[in-house]
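> Give me coordinates for this.
(chains A and B)
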Amino acid sequence: MSRVGWIRLAVVAIAVGALELACRTGLIDHRVVIPPSEMATALVRLLLSGQANDQIARTFGIVIVAVVIAVVLGFAFGVAIHAVPRVRQALEPLFATYYAVPIFIFYPVMIAIFGLSAAPIVLMGVANAIVVMIIATLNGLDRVPRVLTKVGRVHRMGRFSTALRLKLPAAAPHLFTGVKLAVSYGFIAVIASEFILAPAGLGRVISDAYTDFNNPRMYALMLLLVIVATVVNMVLHVFDQRWAERRGIGRL
Amino acid sequence: MMTTLPDHQIHASLSGVTRVYPGAAGTQPVHALGPIDLDLRRGEFFSVVGPSGCGKSTLLEVLAGLQPPTEGTVTFEGRPVAGDVPDGIGVVFQEDASFPWLTVWDNAAFGLRRAGAPDAEVRRRVDDALAFMGLKDFARAYPSQLSGGMRQRVCIARTLVLQPRLILLDEPFGALDAQTRLLMGDEVLRLWRRTGATVLLITHALDEAAMLSDRVGAMSARPGRFLDIVDTGWPRERDSTIVSEAAFGEITGRLWEHLRGESMKSLGYAGMAAE
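Residues are numbered from 1 along each chain as shown, chains lettered A, B, ... in the order given. Here you go, the predicted model:
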């Protein structure tokens, strides 16, 4: 591990250690926050018991479906919007203000339409993640050097072949940034939606545990979400970094 | 100005070629080029110089088939150039057109692989082109790890492996410093001698054109037309050391004589140009 990596690990370890100490010494009330070690123990116990496995599978399944839909549709819309400048001019101000509106206000409407199923949660995940993917696609296509189109013609490549073999790889770093953001935004929207009204899922289970004063269960599942979100983001970050290094634009 | 050549000596030609860009809403059409008449001799090194915006790059793109002429005809090896870039023409652009996601080796191999060449043939030609361009030790590097001059050599290698019979160079050294440009000029001369291809170089640098070319066409301000075509008379075996010869000064002087007024026109100094 690099020196920076060790520093990062030390910061996390110190923060966790400080919380552990504060909880153990009574500085933080045990009824409010339990020590991290107890959170971890509770999580292991919960996972081994299998009690929350269905909820875990449901939530992560919904996140995956929402992110895949958001990335695929966001990319397709981005390409289509990029091809018609007038449509882009009309839509760009809406994209710029999109995240100023808390989309969760529409969740009750979606429940009214789709019922208390997984569908409204998937839609919330898609709605929260799709616009970052559209914006990333537009940015990526904007940055494709125009000379590549000429190079494609010199090599007698058709429009589709030029798009697939030259423009897409040229735009790929920006597209991947969109994917990374879509994962985060989708994840947040799904968990938050489950918190509000969903009949099932990790967000719902955490909310129930909170209502029942079941701190070990609540913190165990919160820890699980933190670990999963961190690991997924780290994996994407490492992949992005390795890719950048391959292209010679990362750390060398 | 035009000399009549036997057909077998004409490699590519432009006859009565003009290029007019339609104006955007509420603006006049832009007459960028022509009329132009030019016969490129098989195997010659021809450079085009002219003031900024005179249509040099438009001329190259029309000849390559990247843009259609508004009027006139373009032929390459006796066949009309219409719509597509004909097989046998290679183009190196001013902008960095290397593919950052591919290694130097894969960049050079791109066109051959697309053409479905056998692996052994691809390996042989790419290794040869990289060695010729001095990039052998950088075969596994990515373009962003190279200097601007080396990236341009990657683009030349990518063109070279396809063994084009007409190489069009659109200010390929425009972004490089003067010393690197001189050395790159030597490399282009080596390439020209070895391949036997016809080369058309677009440049704004009179010294570069005078040093590299068999003939240099001096273009007017927009709409670009040839004011003069200068025969340099250099031997085929030449390099950048000819810049110290007296004839080199005479050639650049003659070109500058034409271009001084045209450059002033293009910059808007109409009165000074008339003096």
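> Now for residue B:143: which residues touch it?
Residue B:143 sits next to A:248, B:96, B:98-100, B:102, B:104, B:107, B:151, B:154 when contact means C-beta atoms under 8 Å, 6 or more residues apart in numbering or on different chains. Just so you know, the C-beta spots here come from the backbone N, C-alpha and C atoms, and that holds for glycine as well.
> Give me every residue in the stretch 1-150 of chain A lying close to chain B.
Within the stretch 1-150 of chain A, the residues that sit near chain B (C-beta under 8 Å from any C-beta of the partner chain) are A:145-148, A:150.
> I'd like to know which of those are part of helices.
With helices defined by DSSP state H, the entries of the residues of the stretch 1-150 of chain A next to chain B inside them are A:147-148, A:150.
> picking up where we left off before, the residues of the stretch 1-150 of chain A next to chain B into TSV, with extra columns for pLDDT?
As requested, the residues of the stretch 1-150 of chain A next to chain B are arranged in TSV below (pLDDT from 0 to 100):
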residue	pLDDT
A:145	91
A:146	90
A:147	93
A:148	93
A:150	93
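> quick revisit: nearest to residue B:197 among the contacts of residue B:143?
Proximity of these to residue B:197, judged by C-beta to C-beta, is greatest for residue B:154, which lies at 18.5 Å.
> from what I can see that closest one touches residue B:106, true?
No: between residue B:154 and residue B:106 there is no contact under C-beta atoms under 8 Å: 10.2 Å.
> Check the stretch 101-250 of chain B for the residue nearest chain A and tell me.
For the stretch 101-250 of chain B, the residue positioned closest to chain A under C-beta to the nearest C-beta is residue B:142, at a distance of 3.4 Å.
> ok so, going back, list just the nearest of the ones in helices among the residues of the stretch 1-150 of chain A next to chain B to chain B.
Within those, the smallest distance to chain B is 4.2 Å, found for residue A:147 (C-beta to the nearest C-beta).
> what secondary structure does residue B:52 sit in?
What DSSP: H, G, I helix; E, B strand; the rest coil gives for residue B:52 is coil.
> List the residues that contact residue 184.
Defaulting to chain A. Listed by C-beta under 8 Å, 6+ apart, the contact partners of residue A:184 are A:229, A:233.
> not quite, I wanted chain B
Remark: with contacts taken as C-beta under 8 Å, 6+ apart, residue B:184 is in contact with B:149, B:152-153, B:172-173, B:176.
> Which of these fall in helices?
Among the contacts of residue B:184, the members that lie in helices (by DSSP H) are B:149, B:152-153.
> before we move on, the earlier item: output the contacts of residue B:184 as CSV; include the columns neighbour count.
Output for the contacts of residue B:184, formatted as CSV (neighbours: other C-beta atoms under 10 Å in any protein chain shown):
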residue, neighbour count
B:149, 18
B:152, 28
B:153, 27
B:172, 26
B:173, 25
B:176, 16
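> Export those to CSV and append columns for pLDDT and distance to residue A:47.
Formatted as CSV, the entries for these read as follows, by pLDDT from 0 to 100; distance: C-beta to C-beta, whole Å:
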residue, pLDDT, distance to residue A:47
B:149, 85, 58
B:152, 89, 57
B:153, 90, 57
B:172, 84, 62
B:173, 81, 64
B:176, 73, 61
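> Tell me if I'm right that residue A:135 and residue A:95 touch.
Yes: using C-beta under 8 Å as the test, residue A:135 is close enough to residue A:95 to be in contact (5.7 Å).
> that's a helix at residue B:75, yeah?
No: assignment of residue B:75 by three-state DSSP gives strand, placing it outside any helix.
> Would you mind measuring from it to residue A:84?
Residue B:75 sits at a distance of 37 Å from residue A:84 (criterion: C-beta to C-beta, to the nearest Å).
> between those two, which one's more packed in?
The residue with the greater number of neighbours, taking residue B:75 and residue A:84 and applying other C-beta atoms under 10 Å in any protein chain shown, is residue B:75; the counts read 18 against 11.
> Could you list the residues of chain B in contact with chain A?
Within chain B, the positions near chain A by C-beta under 8 Å from any C-beta are B:61, B:64-66, B:84-85, B:87, B:89-91, B:93, B:95-97, B:99-101, B:110-111, B:114, B:141-145.
> Give me the buried subset of these.
The neighbour count (16 or more other C-beta atoms under 10 Å in any protein chain shown) marks B:61, B:64-66, B:85, B:89-91, B:93, B:95-97, B:99-101, B:110-111, B:141-143, B:145 as buried among those.
> In strands, which of those residues fall?
B:89-91 (DSSP state E).
> Export these to JSON lines and append columns for pLDDT.
Supplementary listing: those in JSON lines, determined by pLDDT from 0 to 100:
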{"residue": "B:89", "pLDDT": "95"}
{"residue": "B:90", "pLDDT": "94"}
{"residue": "B:91", "pLDDT": "95"}
